[in-house]
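> return a 3D structure for these sequence lines:
(one chain, ligands or ions: 1)
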Amino acid sequence: MDNLAQALPAQFNDPAEAPLLRAEGLSKLYAPGKGFEPVNLNLFPGEVLAIVGESGSGKTTLLKTLSGRLEPQQGEVIYQGNSQMPAASLYQISEAARRQLMRADFGIVHQHPMDGLRPRISAGGNIGERLMEVGARNYADIRRQALNWLTAVEIGADRIDDLPITFSGGMQQRLQIARNLVTHPKLVFMDEPTGGLDVSVQARLLDLIRNLVTELNLAVVIVTHDLAVARLLAHRIMVMKQGQVVETGLTDRVLDDPQHAYTQLLVSSVLQQ
Ligand SMILES: Nc1ncnc2c1ncn2[C@@H]1O[C@H](COP(=O)(O)OP(=O)(O)OP(=O)(O)O)[C@@H](O)[C@H]1O
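This is a model prediction of the structure:
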C-alpha cells in the first residue's frame, strides 16, 4: 500500500496557501521535562502530521493544547478555517467562541472510543447528536446521514439502534470516527486511534482512516508511538523526546534518513523487531 507522503499535495509548499493551524512558541510544562516546550508548527489544509515519541514524551499534552482543550503557559495556537475567515487565536477568544469553533471545525478521536461516545444513546443517535449540535433539525435527514456514515465506516445498517457498548472495540472506534466526521470538520485530532486493538483490526481501521482522510481532504494531527502508523498516514512527522521536539520533516525523509540520534534509535528499534 502506498503511503501518503508519496503523494504530498502541492499546496504544502505553496507560499500563497495559508496554514489552517499555526503554533507559535507554544509550551506547557507540568514539571521540568513533563509536557512540551517550545513548539512551532504550520499545518496546511489536507495535511497529516504525526507526533511520535516514547511514552511520557508529551505527545498527548501537545495534542490537547493544539486542539483547544488545554491552555498553554506560553505561545499561541492560531486557527484559520479559510482565507475569507479571520484567524482566531484559540486561547484569546472567549470560551464560548472556542467551543463553537471546535464543534464546527474540529474533530477529536480518543484512544478509548467510549471516551468520545455517549454510552446511553444508540449508534445512530451518537452520529445524529453531532449534527444536531451544529443546527440540524430534520429527523429523517439526520437518520439518513447517520445511516450513510454507518455504512461509510463499515457498520451494518441493522445496528443503527444498538447501543455502542454492544459493539466490539474496532466497531466502537469506527463509530467514534463517524460521529466526528459527519459534520465535515476541517481538522481532526487523533490520539493513538488504533492503540489497544488487535493487529488485524488495526490494519483495517488504518486503511479506513487513510481512505477517509484522502477523500475528505482532512487535515489531521495524529499522536502515535507506532512508526508504521505514521509511515502509512502522515505527510510529516514530529519526533518528541522528554518534552522537546528533536526532529521534524517529511515522513519518508525522517524515517529513511533520521538525523537526530533519538530518531535513529526509534527507527532502528522497529527494524530489529
Ligand atoms: N495533568 C497532569 N498533571 C501532571 N503531570 C502530567 C499531567 N498530564 C501528563 N502529565 C505528565 O506529563 C508527561 C507527558 O505526558 P503525555 O501524556 O503528554 O505523554 P505522552 O507522550 O502522550 O505519553 P503516552 O504515550 O504514555 O500517552 C508525563 O510525564 C505525564 O506523567
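
> which parts of the protein are helices?
59-66, 95-105, 123-133, 139-152, 169-181, 199-216, 227-233, 251-256, 261-271 (DSSP state H).

> for the second one, buried residues please.
Think helix 95-105. 98, 101-102, 105 (16 or more other C-beta atoms under 10 Å). Bear in mind the C-beta positions are built from the backbone N, C-alpha and C, glycine included.

> likewise for the fourth one?
Neighbour-count burial for helix 139-152 flags 142-143, 145-146, 149-150, 152 (criterion: 16+ other C-beta under 10 Å).

> re earlier: dump the helices of the chain into JSON lines; add mean pLDDT and distance to Asp158 as well.
Output for the helices of the chain, formatted as JSON lines (pLDDT from 0 to 100; distance: least, C-beta to C-beta, whole Å):
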{"stretch": "helix 59-66", "mean pLDDT": "97", "distance to Asp158": "35"}
{"stretch": "helix 95-105", "mean pLDDT": "93", "distance to Asp158": "30"}
{"stretch": "helix 123-133", "mean pLDDT": "96", "distance to Asp158": "10"}
{"stretch": "helix 139-152", "mean pLDDT": "95", "distance to Asp158": "10"}
{"stretch": "helix 169-181", "mean pLDDT": "95", "distance to Asp158": "13"}
{"stretch": "helix 199-216", "mean pLDDT": "90", "distance to Asp158": "20"}
{"stretch": "helix 227-233", "mean pLDDT": "94", "distance to Asp158": "30"}
{"stretch": "helix 251-256", "mean pLDDT": "96", "distance to Asp158": "39"}
{"stretch": "helix 261-271", "mean pLDDT": "91", "distance to Asp158": "40"}
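
> now those in a markdown table, with distance to the ligand?
Below are the helices of the chain laid out as a markdown table (distance: least, C-beta to the nearest ligand atom, whole Å):
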| stretch | distance to the ligand |
| --- | --- |
| helix 59-66 | 3 |
| helix 95-105 | 19 |
| helix 123-133 | 25 |
| helix 139-152 | 28 |
| helix 169-181 | 17 |
| helix 199-216 | 16 |
| helix 227-233 | 13 |
| helix 251-256 | 17 |
| helix 261-271 | 13 |
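
> ok, which of the ones you listed comes nearest Leu187?
Proximity to Leu187 (C-beta to C-beta) singles out helix 95-105 among the helices of the chain, at 6.2 Å.

> helix 123-133 and the closest one, what's the angle between them?
130 degrees (axes from the mean of the first three to the mean of the last three C-alpha atoms, to 10 degrees).

> touching helix 95-105 from outside, list them.
Residues outside helix 95-105 that contact it (C-beta atoms under 8 Å, 6 or more residues apart in numbering): 67-68, 79, 81, 88, 90-91, 93, 133-134, 183, 185-187.
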